[in-house]
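Chemist: here are the coordinates; sequence isn't available:
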RNA sequence: GCGGAGUUAGUCCAGCCCGGCACGACGUCAGCUUCCCAAGCUGAAGGUCGCGGGUUCAAAUCCCGCACUCCGCACCA
């Protein structure tokens, strides 16, 4: 229900835990997924593939995590993904140089100005530390990308700070070989790396994290020629634009009222909501928040954050950026590769609309929104959607003796390769049910004395705690029906 | 990075002031018992007390440094 309970569940039940925790030099901002977490993550990704990649006939790629320096020269990350910082010589406080100068002197030095400009203003205006009045060291650029050295000469390269650059640099080849027409969605799941100044709150701000990104390449003159829009015109989404109120409207209303700029953007925001609804996240606690000019990333011309309310506040799960031709134009200039494509026999440099999803944050939110305390039955239940549950079914013997254990293993063997099943003989039956509830297993099959006579078992449903008796021969079709993706 | 609070078994924690065998609960495992919702009994495993250094005959405890976690500030492509 709240952050502390989720982190405790994560630690106790193998969802996630700190990386390298046995060593004291382990850095903050790195976490690992245990067996339950991996199982949940894999199923979440499969749902994403079904609801976005396959539904919209996107292409999925898997790019390198280390990318050449030129990529980030072109993308702007080498110059813009860095903050000018100054350190107080006396108290060691760190400030953003541009912000402090603007505050104290009202002089605006652009964030990406040459480093000497900051030093000059600081010495001319005698800018001092607001905390202790100490003077500053020379300004430095703090780039949030991790630099790596390739080969014996340690040639500079970087761990990608967002997965999408692979998609941009691969686009010319993909377009030539994969036989698509605009609009084209290209998707990728993978890790990104950012040297955050202060990582916090486990999965919510990591230095190494999973993104599921989708870049939709489109003709900027045809943003309202999206046939598939009709599939989502009645889908309800919650929007926060221009003021602080959230309005729940259908996609058609959002478009007609001008709250959203065009059919293409509206269509993909709708796909996102429909996807998240199926993850079990409570979308009545969600909103698309339109970002103001100051909040937007340097490459975005229009941006919406998909945010969900949690016990620690509104959490950004997806950044939806209209990147226009920013990336393709820059890669074209630096690489000399052609990025133009033919659309209706007219050459066009595609624009890009991006859905950049944080997987780790999404998984946290799913856990928090699924976690409940059932006080009446004195239990903790993770009411995950059956198709996302780390364990689909527990296979339990009511007692170990009288041949029940052997019969239970026989049932387990029948389904172990098709489902995530957990075999358990030991302890009281109620205790075993409780443990399964806590990792979100939607079903528990129990082998009892009657099973030996007529080959039937009981199957217990997690949320209702109801049990029904079914034939072992019907077990697979029952599980298949109940754990199927929607 | 700054300020505050912390770090002891899988989890929660006592012990620290005032140095002398690291306490308890939950959980886990095995056995017995019951046999459909965390019962009970018996037993067991599990600890470099965050890391490193110092003081001391002796350090979880006192001192110094560092790391990490949480809260606040700042940062957040």
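Modeler: Okay, I see it. Bear in mind the structure is a predicted one, so any value in this text is a computation, not a measurement.
Chemist: how close does residue A:319 sit to RNA strand B?
Modeler: 7 Å (CB to the nearest atom of the strand, to the nearest Å). The way it works is simple: take the backbone N, C-alpha and C, and place the C-beta from them, glycine included.
Chemist: ugh, wrong one, I meant residue A:372
Modeler: With distances taken as CB to the nearest atom of the strand, residue A:372 is found 12 Å from RNA strand B.
Chemist: swap in residue A:83?
Modeler: In this view, residue A:83 and RNA strand B are 5 Å apart by CB to the nearest atom of the strand.
Chemist: what about that residue, how many neighbours?
Modeler: By other CB atoms under 10 Å, the residues close to residue A:83 number 19.
Chemist: Show me what from the stretch 101-250 of chain A comes close to RNA strand B.
Modeler: Applying CB under 7 Å from any atom of the strand, one finds that the stretch 101-250 of chain A approaches RNA strand B through A:131, A:144, A:161-162, A:192, A:194, A:196-202, A:205.
Chemist: now the helices for the stretch 1-150 of chain A?
Modeler: Here the stretch 1-150 of chain A has its helices, by DSSP state H, counting those that start in this stretch, at A:3-12, A:35-48, A:69-75, A:77-80, A:97-105, A:115-124.
Chemist: nearest to residue A:327, of these?
Modeler: helix A:69-75 (6.4 Å; CB to CB).
Chemist: re earlier: mean neighbour count for the helices of the stretch 1-150 of chain A - can I get that in CSV?
Modeler: CSV is the format used below for the helices of the stretch 1-150 of chain A (neighbours: other CB atoms under 10 Å):
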stretch, mean neighbour count
helix A:3-12, 16
helix A:35-48, 19
helix A:69-75, 19
helix A:77-80, 17
helix A:97-105, 18
helix A:115-124, 16
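Chemist: okay, now the domains of chain A?
Modeler: Structural domains assigned to chain A are A:3-74+A:153-369, A:82-143, A:381-483, following automatic domain parsing.
Chemist: how about JSON lines for these, with distance to residue A:375 added?
Modeler: JSON lines is the format used below for the domains of chain A (distance: least, CB to CB, whole Å):
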{"stretch": "domain A:3-74+A:153-369", "distance to residue A:375": "14"}
{"stretch": "domain A:82-143", "distance to residue A:375": "47"}
{"stretch": "domain A:381-483", "distance to residue A:375": "11"}
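Chemist: for the stretch 251-400 of chain A, what spans make up the helices?
Modeler: Secondary structure of the stretch 251-400 of chain A (DSSP H, counting those that start in this stretch): helices at A:251-256, A:263-278, A:326-335, A:359-370.
Chemist: other SSEs contacting the second one?
Modeler: Packing contacts for helix A:263-278, counted by 3 or more CB pairs under 8 Å, 6 or more residues apart in numbering; DSSP states H and E, involve helix A:35-48, strand A:208-218, strand A:236-240, helix A:251-256, strand A:286-290, strand A:302-310, strand A:313-324, strand A:351-358.
Chemist: Report the angle between that helix and strand A:302-310.
Modeler: 10 degrees (axes from the mean of the first three to the mean of the last three CA atoms, to 10 degrees).
Chemist: Tell me what angle helix A:263-278 forms with strand A:313-324.
Modeler: If you take the same axes, to 10 degrees, helix A:263-278 sits at 150 degrees to strand A:313-324.
Chemist: I'd like the average pLDDT over helix A:263-278.
Modeler: On average, the pLDDT along helix A:263-278 is 96.
Chemist: Pull up the per-residue confidence for the nearest residue to residue A:334 once chain neighbours are set aside.
Modeler: Nearest residue to residue A:334 in three dimensions, chain neighbours excluded: residue A:74, at 4.0 Å (CB to CB, 6 or more residues apart in numbering). You'll see residue A:74 listed with a pLDDT of 91.
Chemist: And residue A:74, how close does it get to residue A:329?
Modeler: Per CB to CB, to the nearest Å, residue A:74 is found 9 Å from residue A:329.
Chemist: about what we covered before: what remains of the residues of the stretch 101-250 of chain A next to RNA strand B if I keep only buried residues?
Modeler: Those of those that meet the buried threshold are A:161, A:162, A:192, A:194, A:199, A:202, A:205, by 16 or more other CB atoms under 10 Å.
Chemist: So which of those residues sits lowest on pLDDT?
Modeler: Looking at these by pLDDT, the weakest one is residue A:199, with 77.
Chemist: what's near enough to touch it?
Modeler: A:28, A:29, A:205, A:206, A:207 (CB atoms under 8 Å, 6 or more residues apart in numbering).
Chemist: Get me the contact residues on the stretch 301-450 of chain A for RNA strand B.
Modeler: Going by CB under 7 Å from any atom of the strand, the residues of the stretch 301-450 of chain A near RNA strand B are A:312, A:319, A:356, A:377-380, A:398-401, A:426-431, A:433-435, A:438, A:446, A:448.
Chemist: Which of the residues you listed fall in strands?
Modeler: A:319, A:356, A:379, A:380, A:446 (DSSP state E).
Chemist: Let's see the ChimeraX selection covering just the buried ones among these.
Modeler: Applied in ChimeraX, the following selects the buried portion of these according to 16+ other CB under 10 Å:
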select /A:319,356,379,446
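Chemist: Looking at the ones in strands among the residues of the stretch 301-450 of chain A next to RNA strand B, which one is closest to RNA strand B?
Modeler: Taking CB to the nearest atom of the strand as the measure, RNA strand B lies nearest residue A:446 of those, at 3.6 Å.
Chemist: Is the closest one in contact with residue A:429, as I believe?
Modeler: Yes. Contact criterion CB atoms under 8 Å: residue A:446 and residue A:429 qualify, at 6.9 Å.
Chemist: Mutual contacts of these two, please.
Modeler: By CB under 8 Å, 6+ apart, residue A:446 and residue A:429 have these common neighbours: A:396, A:398.
Chemist: Any chance of the helices of the stretch 251-400 of chain A in a markdown table with distance to residue A:35 and mean neighbour count as columns?
Modeler: Formatted as a markdown table, the helices of the stretch 251-400 of chain A follow (distance: least, CB to CB, whole Å; neighbours: other CB atoms under 10 Å):
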| stretch | distance to residue A:35 | mean neighbour count |
| --- | --- | --- |
| helix A:251-256 | 39 | 19 |
| helix A:263-278 | 23 | 22 |
| helix A:326-335 | 38 | 18 |
| helix A:359-370 | 14 | 23 |
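Chemist: Could you point out which of those helices sits nearest residue A:181?
Modeler: Distance to residue A:181, taken as CB to CB, is lowest for helix A:263-278 among the helices of the stretch 251-400 of chain A, at 14.3 Å.
Chemist: Of the contacts of residue A:199, keep whichever come out buried.
Modeler: A:29, A:205, A:206, A:207.
Chemist: Run through the residues that contact the first one.
Modeler: The neighbourhood of residue A:29, defined by CB under 8 Å, 6+ apart, consists of A:196, A:199, A:205, A:206, A:207, A:208.
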